[in-house]
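> Have a look; sequence and predicted model below, questions after that.
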Amino acid sequence: MPAVQETIEQVKAIDVDQYKYGFVTDIESEKGAKGLSEETIRFLSAKKNEPEWMTEWRLDALRRFQQMEEPDWARVSYPKIDFDDLYYWAAPKSVEGPKSLDEVDPELLATYEKLGIPLAEQEMLAGVEPKNRVAVDAVFDSVSVVTTFKEELKKAGVIFCSISEALREYPDLVKKYLGSVVPVTDNYYATLNSAVFSDGSFVYIPEGVRCPMELSTYFRINEQNTGQFERTLIIAEKGSYVSYLEGCTAPQRDENQLHAAVVELVALDDAEIKYSTVQNWFPGDKEGKGGIYNFVTKRGDCRGKNSKISWTQVETGSAITWKYPSCILRGENSRGEFYSIAVSNGYQQVDSGTKMIHLGKNSSSRIISKGISAGRSQNTYRGLVSAHRKASNARNFTQCDSLLIGQDCGAHTVPYIESKNASAQFEHEATTSKISDDQMFYCLQRGLSEEEAVALIVNGFVKDVIQQLPMEFAVEAQKLISISLEGSVG
Amino acid sequence: MNASVPIKHTQAESDLFDRYETAKDNLPGSVTVNALREAAIAQIRDKGLPHRRVEEYKYSDLRAFLKSAGPLAGNVDAASARSVLAAADTFADLDRYRIVLSNGTYAAELSDTDALAKEGVTVTDLGDVLTAEDGARVLSYPKTGPTDGIVALNTAFVQGGMVLEVKDGAEVSKPVELVHVAEFAGAQVTRNRIVVGKGAKLRLLESFVGDTGEGEINAVFDYDVADNAVLAATRLIVGRTEAARLLTTTARLGAESELRTLGFIAGPRFTRNQQFVDFTGENSEAKVYGVTMAGGRDLADQTLIVDHAVPHCNSREFFKTVLDGEARGVYQGRINVAQHAQKTDGEMMTQALLLSEEAEMANKPELEIFADDVICAHGATSGQIDEDLLFYLRARGIPEDEAKTLLVLAFLSEAIEEYGEDDVTEGLEARVRDWLAGH
């Protein structure tokens, strides 16, 4: 069925030309030399005062990267990236080492203010605990400019800092976990990231601690001709819990910019990590000029029993998105979740999905993916669900729906479902009408028409995805997508 | 994978090149046909046999399976073909016409040619077609993408086959069975073209009988269903063989036409049944069914691409797989909807039942949609027999084995019955029971 008028208008409302965050901050910055070479990496590593092993780790990754070929299996097309024509290091000049909030360049604070990210720590009101406080790590081009609420988090035993700082302060922790979920040679862009990653967040939640506030990182690409290569590592010790949010924007520029990040999550016994993203990189203009190339490797390792990792993403930006947040369900009774809404418009190309790799007994996973394509965009869901020999009683439920608005866009679904264990029970659905016959029957029996019933059920499902987001992000996400999913196409 | 670096050929690949050198002068073909054969063997030389790094063969690594390749099989004499046919009559209870291919070549003396002629059906030896000046025409029909290794193998080595044409408006009163009699170790390579004229109706049965050693059976079927025509094709791949069975169907549907196919696989060893269905006229319908049973260390692969290139067409794909032992089942299905193919209705379902701990199923149901006013859906499930259902039956005094048989039969029958060729339903269900009892 065709999309209703209301839906079309709502999609128009978030049209690429209305990108709100396209401004450039005029700030003096320092860049490394252009090009990808050993010198670049040594420069970068020295700049960050990294230990010797880290420099070697990077150089090893570079050598491997130089022997790899760019993958071409994704349904995206773009001109060849010249890795030697990029800056791998760009930092606002005023930032030298960790600082307190008072010392941060006011220009930077103003930028984040403009983006709607409050960096000032909310003061305690006479004895009243402010609600929904969020600790923010702000990454500007290649460096983290400030991390808020650090002291308070420290009291709870939580480490929340930039990865550069973690390398200096907690080298053993970093060394133990870095690359243990996404190995150096995992894929082309992950290898590149391993060689040149600049900054990102490091989170460590000690045993039994429930992180007292939401943690958040806000990524901003500002400089021209730079790539942003952030690296995030989150470790949740036994019985701990953390909710982490990530947001991204970039200025409106004519040339394409590269963003190749790696995110690694480790959840030990009974731990839970909730990772939410609102990705709103500059998507390119109406003619498809400019925009971010977003090549991201995100993976969570449910290493312990009863551990849980949940990915929620709202993707509206980037010229090209190549992103598959995945879960390795290694622990018994571990659980992986993936909730995604991907909206593409203009000339955007999205190739996104997830992998749920069931290794442990009784592991379960759930995938809810909603793709909405408009304009001349291409939106692909690509996912893998697999159960290995020992994953007895593994369960997966997958639902991926797509909506096309207009005649020049495409929506594609490429699921891989591999079962190597008879007791694994996998269900994959891609129709609204087949979501659940019971629900349909229930609605029809109460006098709703089939279409109303479908709309009701599907709207309920989108709400589910949105509700997975923490409050702060849900509001932003809802602003980005308030689209009825009427007329869904598998 | 860099294409400019020559690949290291496997033993089987080297054998294939030797086979080609030995056989090429005796294979039927005009100058243009021979040029196509040369190009096909060059492709194999260049890319090797299809292997797991080729996306379409990710789960069915033919290169790893074929350890060697023997020579092309020679003719079977009429007497032994008759005895094979008598011993393994797949559709014994069915009143039907029969066309026999013996080791891949058309055997006119064993076929009901005269009776078919009276029904408006002509059968031509493919060997004669290939040697005619425009013989290349018959090889150039299948549209399977330029790189499909199985079709390239077929083109390089095709020994014979037949072209069956149903004249416009003819409704063939009885099913026509196309039976492949095999008696060889080595390879049997055949291509068959079935043309159903405007408004004509044909029910086709395809079966493979006889005993083979290791090797390959490579058969390509090309269906041309004209405007308002109806074709129902039941393909039965049963019985034990050591050979790899590589079967390809390409089909083109004219306007207001209808195609129904059932690929029935029981005991595959290594079987790939790949089908490519193209809609070329509006308001047509394709229903593609698959029933697969595999045990031991066998592999059964049902691969399907339905191409909705024109508006207002419906397609329904329904595949059922039952796996036991260490068998591997593969379903790869894709519905393509072109930008102007509005009002397309496509529905794809694949379901697998795993009877043993070691069985493996890979499902890959894909949608590729460029039109906005369409209804497309797919579903995939895999799991084991529902304990509750089993309990229900056992509580009513049905022994466990029988209860399992009932449940498996019920599971597979869903597809067989929806396919709806009533006169073969019973026979097929009996085959399911046979497989369950004796695999």
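All right, it came through fine. Numbering: from 1, shown residues only, chains lettered A, B, ... in the order given.

> all contacts plus neighbour counts: C-alpha atoms, from now on.
OK.

> where exactly do the strands run in the stretch 301-439 of chain B?
When secondary structure is read from DSSP state E, counting those that start in this stretch, the stretch 301-439 of chain B shows strands at B:314-323, B:328-337, B:345-354, B:360-369, B:375-383.

> The stretch 351-490 of chain A now?
Listed in chain order, the strands of the stretch 351-490 of chain A (DSSP E, counting those that start in this stretch) span residues A:355-358, A:364-374, A:378-387, A:395-405, A:410-419, A:425-429.

> any idea which residue sits dead centre in chain A?
Relative to the mean C-alpha position of chain A, the nearest C-alpha, by Cα atoms, centre = their mean, is the one of residue A:277, at 4.7 Å.

> how about that residue, what does it touch?
Taking Cα atoms under 8 Å, 6 or more residues apart in numbering or on different chains as the definition of contact, the neighbours of residue A:277 are A:245, A:246, A:247, A:312, A:313, A:314, A:315.

> ok, and it, which helix or strand is that part of?
For residue A:277, the element it lies in under DSSP states H and E is strand A:272-279.

> ok so, going back, from the contacts of residue A:277, keep the buried residues only.
Burial of those was assessed by neighbour count (16 or more other Cα atoms under 10 Å in any protein chain shown); the buried members are A:245, A:246, A:247, A:312, A:313, A:314, A:315.

> Contacts only, for the closest residue in space to residue B:212 that isn't next to it in sequence.
Leaving aside its sequence neighbours, residue B:212 sits nearest to residue B:184 (Cα to Cα, 6 or more residues apart in numbering or on different chains; 5.1 Å). The neighbours of residue B:184, taking Cα under 8 Å, 6+ apart as the test, are B:73, B:74, B:103, B:211, B:212, B:213.

> among those, who's most crowded?
Among those, residue B:103 has the most neighbours (other Cα atoms under 10 Å in any protein chain shown), with 28 neighbours.

> contacting residues around stretch B:383-402?
Residues from elsewhere that reach stretch B:383-402, judged by Cα under 8 Å, 6+ apart: A:422, A:423, A:424, A:425, A:426, B:352, B:353, B:354, B:355, B:403, B:404, B:407.

> can you tell me the helix or strand for the closest residue to residue A:150 other than its chain neighbours?
By the measure of Cα to Cα, 6+ apart, the closest residue to residue A:150 outside its immediate chain neighbours is residue A:160, 6.6 Å from it. According to DSSP H and E, residue A:160 maps onto strand A:159-162.

> Run through the neighbouring helices and strands of that strand.
Based on contacts counted as 3 or more Cα pairs under 8 Å, 6 or more residues apart in numbering or on different chains; DSSP states H and E, the elements that strand A:159-162 packs against are strand A:143-147, helix A:150-156, strand A:201-205.

> In JSON lines: these, plus mean neighbour count.
JSON lines is the format used below for those (neighbours: other Cα atoms under 10 Å in any protein chain shown):
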{"stretch": "strand A:143-147", "mean neighbour count": "26"}
{"stretch": "helix A:150-156", "mean neighbour count": "14"}
{"stretch": "strand A:201-205", "mean neighbour count": "24"}
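
> got these as JSON lines, with mean pLDDT columns?
What follows is these, written out as JSON lines (pLDDT from 0 to 100):
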{"stretch": "strand A:143-147", "mean pLDDT": "68"}
{"stretch": "helix A:150-156", "mean pLDDT": "82"}
{"stretch": "strand A:201-205", "mean pLDDT": "92"}
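
> Can you tell me what sits against stretch B:423-439?
Stretch B:423-439 is contacted from outside by B:91, B:94, B:266, B:267, B:293, B:295, B:296, B:405, B:409, B:413, B:416, B:417, using Cα under 8 Å, 6+ apart.

> Recalculate using a threshold of 10 Å.
Contacts of stretch B:423-439 with the rest of the structure, by Cα atoms under 10 Å, 6 or more residues apart in numbering or on different chains, involve B:90-95, B:175, B:205, B:234, B:236, B:238-240, B:264-267, B:291-296, B:322, B:324-325, B:401, B:404-406, B:408-410, B:412-413, B:416-419.

> now these: which count as buried?
Using 16+ other Cα under 10 Å, the buried ones in those are B:90-91, B:175, B:205, B:234, B:236, B:238-239, B:264-267, B:291-296, B:322, B:324-325, B:404, B:408-409, B:412-413, B:416, B:419.

> and those near chain A, which?
Judged by Cα under 10 Å from any Cα of the partner chain, the overlap between those and the neighbourhood of chain A comprises residue B:324.

> and the helix or strand following the strand holding residue A:277, what's its mean pLDDT?
From strand A:272-279 onward toward the C-terminus, using DSSP H and E, the following helix or strand is strand A:291-302. The pLDDT scores in strand A:291-302 average 90.

> I'd like to check the angle between strand A:291-302 and strand A:272-279, please.
Relative orientation of strand A:291-302 and strand A:272-279, computed by axes from the mean of the first three to the mean of the last three Cα atoms, to 10 degrees: 170 degrees.

> Convert the C-alpha atoms of strand A:291-302 to CSV, please.
Backbone C-alpha positions of strand A:291-302 (Å, rounded to 0.1, in the frame of the first residue of the first chain) are rendered in CSV as follows:
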residue,chain,number,x,y,z
GLY,A,291,28.3,13.9,3.7
ILE,A,292,30.0,11.5,6.0
TYR,A,293,31.1,8.1,5.1
ASN,A,294,30.3,6.2,8.2
PHE,A,295,32.1,2.8,8.4
VAL,A,296,31.7,1.5,11.8
THR,A,297,32.4,-1.7,13.6
LYS,A,298,30.4,-2.2,16.8
ARG,A,299,30.4,-5.4,18.7
GLY,A,300,29.5,-6.5,22.1
ASP,A,301,30.7,-9.7,23.8
CYS,A,302,28.3,-11.2,26.3
